[in-house]
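Got a sequence here, can you model it:
(4 chains)
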2 protein chains.
Amino acid sequence: MQQLDIFAYLGKLQDYFAREKIIPSTTQLSALWNVKARSWTHQIVQRLKEEGFLENAPGGRVRPAPRFFERTVGHRVRAGLPQQAFDVQPELLRIDDYLIEKPSQTILFPVKGDSMVDLGILEGDMVIIERGNTAPVGQVVLAIVDNEFTLKVLARDQEGYYLEARNEKHSGDYPPIRPGQKLEIYGLYVGLIRKTHPAGHRPGSHL
Amino acid sequence: MQQLDIFAYLGKLQDYFAREKIIPSTTQLSALWNVKARSWTHQIVQRLKEEGFLENAPGGRVRPAPRFFERTVGHRVRAGLPQQAFDVQPELLRIDDYLIEKPSQTILFPVKGDSMVDLGILEGDMVIIERGNTAPVGQVVLAIVDNEFTLKVLARDQEGYYLEARNEKHSGDYPPIRPGQKLEIYGLYVGLIRKTHPAGHRPGSHL
DNA sequence: TTGAATAAAGAACAATTGTTCTCTATAATG
DNA sequence: CATTATAGAGAACAATTGTTCTTTATTCAA
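Numbers count the residues shown, from 1 in each chain, chains lettered A, B, ... in the order given. The predicted structure follows:
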């Protein structure tokens, strides 16, 4: 490759970003790259933009583009393995960014009971709720019924709106909830996180 | 609370950051916050720094501090109270920290298929895998079988170790996997994240 | 009524910003 | 050889930056 070695510059910038979590100004970039002319630094930045490593952010600033986080085979996977599994760059996906689009309106809520197991929502999970008091029918909502939060599917029939559980196996335990007068929706289910508590290590039965 | 409501400003900034992944300049912050004087904006930023939501970055810039990413965890409503006065006992939680204890050994892996639905692991979810080549029997593991990754329960009988699916309904589709020679474990299932794609808005059926 | 805090605005400034335009080495190519 | 692209430097500029200092408006308690 006799082209300008973009990657030497990129590497230093990636390390810097890992440390400081910020893309520095042209001046500081010049220092980081040992470049005397800011104009040249600017040129390199343009190149990195063209290559998809950086992109413009508001205010004439620059931010990392998706490719910036692409790790060129950071995983030492033996040859022969389907790399298809890794094409999401899992290591560098910030879970927070991934899950939460409107941070100020998003809260977490611990799941109680098994009324929603059919949707893969288990006791102990944390559901991600985006606040809002309306929701489409068929969506999972966090509603307030009798001063208690409950996570259910919003449904509607000729009698009006009601809440449904999703547990086929024990459907008898969870009859539809028809609110006395008003059905108050607290927010919309937009995601879930689960942390499994690794069961006690039973020695012997171990691979 | 007759104090300056920092959180109103913080909320807007958090949403902005979620969108743009950058902390804007004082001028742009002023616009975002509807503040006419950049000096006042600056003051608010200082306050946010004192509270630990922001911190200084090189070049006189500002970046989010750890507290910036904290989320509130909701709790049960205190019975008898009007629904407005939620018990927002704001327990704070950073999702990344909560889920990932050993960042360097943790990867995310997209789930394919429904072989593990009984454990609430659905297609499209991301499982959190902690690397390691041993695991206790009974745990969910990410294993490599025939050069493909598969997420299953590690089991054992007199014939040796094997892998089990967890899908009672279609158990016929997922017979136990007995590896030809060696069963290679890639990592242990320690958590899960799910992002739901809000279904298309059907007008009319909306509360 | 007085007097503080608090919340906000205005003005001003030196430094830095991103950017553009021009110039010069160096290396490769015909 | 001459030429042409590449890699880099220098200078210059208007705009924006973070910051400080001063001045109002509003609130609230003494």
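
Might one say that A:Leu122 is in contact with A:Asp114?
Yes. If you go by Cβ atoms under 8 Å, A:Leu122 and A:Asp114 touch, sitting 6.9 Å apart. (C-beta placed from N, C-alpha, C; glycine too.)

Next, A:Gly52: phi, psi?
With angles defined as degrees, to the nearest 10, A:Gly52 sits at phi 90, psi 20.

what do you get for the one 4 residues further on?
With angles defined as degrees, to the nearest 10, A:Asn56 shows backbone torsions of phi -80, psi 140.

quick one: buried residues of the helix or strand hosting A:Ile193?
In this structure, A:Ile193 sits in strand A:184-195 according to DSSP states H and E. Using 16 or more other Cβ atoms under 10 Å in any protein chain shown as the test for burial, strand A:184-195 gives A:185-195.

separation between the residue of chain A positioned farthest from its centre and A:Ser30?
Going by Cα atoms, centre = their mean, the residue of chain A most distant from its centre is A:Lys36, 39.8 Å out. Remark: distance between A:Lys36 and A:Ser30 (Cβ to Cβ, to the nearest Å) = 7 Å.

Need the three-state assignment for A:Lys152.
Here A:Lys152 is strand, with the state taken from DSSP: H, G, I helix; E, B strand; the rest coil.

Go ahead and confirm it touches A:Val141.
Yes. Taking Cβ under 8 Å as the definition, A:Lys152 is a contact partner of A:Val141 at 6.8 Å.

Common neighbours of these two, please.
Common contacts of A:Lys152 and A:Val141 (Cβ atoms under 8 Å, 6 or more residues apart in numbering or on different chains): A:Leu163.

ok, back up a step: so, in contact with chain B or not, the strand holding A:Ile193?
Yes. Against chain B, strand A:184-195 shows contacts by Cβ under 8 Å from any Cβ of the partner chain at A:184-185, A:188-195.

and the angle from that strand to strand B:184-195?
Per axes from the mean of the first three to the mean of the last three Cα atoms, to 10 degrees, the angle that strand A:184-195 makes with strand B:184-195 is 170 degrees.

In space, what's closest to A:Trp33 - neighbours in sequence excluded?
Distances taken as Cβ to Cβ, 6 or more residues apart in numbering or on different chains place A:Tyr9 nearest to A:Trp33, at 5.6 Å, with adjacent residues excluded.

can you count the residues close to the one you found?
A:Tyr9 has 20 neighbours, counted by other Cβ atoms under 10 Å in any protein chain shown.

Kindly provide the distance from A:Gly180 to DNA strand D.
Per Cβ to the nearest atom of the strand, to the nearest Å, A:Gly180 is found 38 Å from DNA strand D.

Tell me the secondary structure at that residue.
Taking three-state DSSP, the label given to A:Gly180 is coil.

Look at it and say how many residues are nearby.
A:Gly180 has 7 nearby residues by other Cβ under 10 Å.

Enumerate every residue touching it.
Contacts of A:Gly180 by Cβ under 8 Å, 6+ apart: none found.

okay but A:Ala155 is in contact with A:Ile177, surely?
No. Assessed by Cβ under 8 Å, A:Ala155 is found out of contact with A:Ile177, at 9.7 Å.

Pull up the overlap in contacts between these two.
With Cβ under 8 Å, 6+ apart as the test, A:Ala155 and A:Ile177 both reach A:162-164.

List just the nearest of those residues to DNA strand C.
Nearest to DNA strand C among the shared contacts of A:Ala155 and A:Ile177 is A:Leu163, at 40.5 Å by Cβ to the nearest atom of the strand.

and the closest one, how many neighbours does it have?
Neighbour count of A:Leu163, defined by other Cβ under 10 Å: 22.

neighbour-wise, which of A:Lys152 and A:Val141 wins?
Shown here are A:Lys152 and A:Val141; by other Cβ under 10 Å, A:Val141 has more neighbours (26 against 21).

pLDDT value on that one, please?
On the pLDDT scale, A:Val141 is placed at 95.

so it is in which element?
Per DSSP H and E: strand A:140-145 holds A:Val141.

Let me know the angle separating that strand from strand A:184-195.
Using the same axes, to 10 degrees: strand A:140-145 against strand A:184-195 is 130 degrees.

what sits up against strand A:140-145?
So strand A:140-145 is contacted by A:109, A:116, A:119, A:121, A:127, A:129, A:135, A:149-154, A:163, A:177, A:179, A:183-189, B:77, B:83, B:196 (Cβ under 8 Å, 6+ apart).

So which residue is smack in the middle of chain A?
Centroid-nearest residue in chain A: A:Tyr98, 2.0 Å away (criterion: Cα atoms, centre = their mean).

In terms of secondary structure, what does the strand or helix carrying it contact?
For A:Tyr98, the element it lies in under DSSP H and E is helix A:95-99. Applying 3 or more Cβ pairs under 8 Å, 6 or more residues apart in numbering or on different chains; DSSP states H and E, we find helix A:95-99 packed against strand A:184-195, helix B:95-99, strand B:184-195.

ok now the first one, how far from the chain's centre?
What it means is strand A:184-195. 13 Å (Cα atoms, centre = their mean, to the nearest Å).

helices or strands up against that strand?
helix A:95-99, strand A:106-110, strand A:126-131, strand A:140-145, strand A:148-157, helix B:95-99, strand B:184-195.

Which of these sits closest to DNA strand D?
Closest approach to DNA strand D among the helices and strands packed on strand A:184-195 (Cβ to the nearest atom of the strand): helix A:95-99, 22.0 Å.

who's in contact with the closest one?
Contacts for helix A:95-99 (Cβ under 8 Å, 6+ apart): A:128, A:190-191, A:193, B:18, B:21, B:69, B:94-96, B:99-100, B:108, B:193, B:195.
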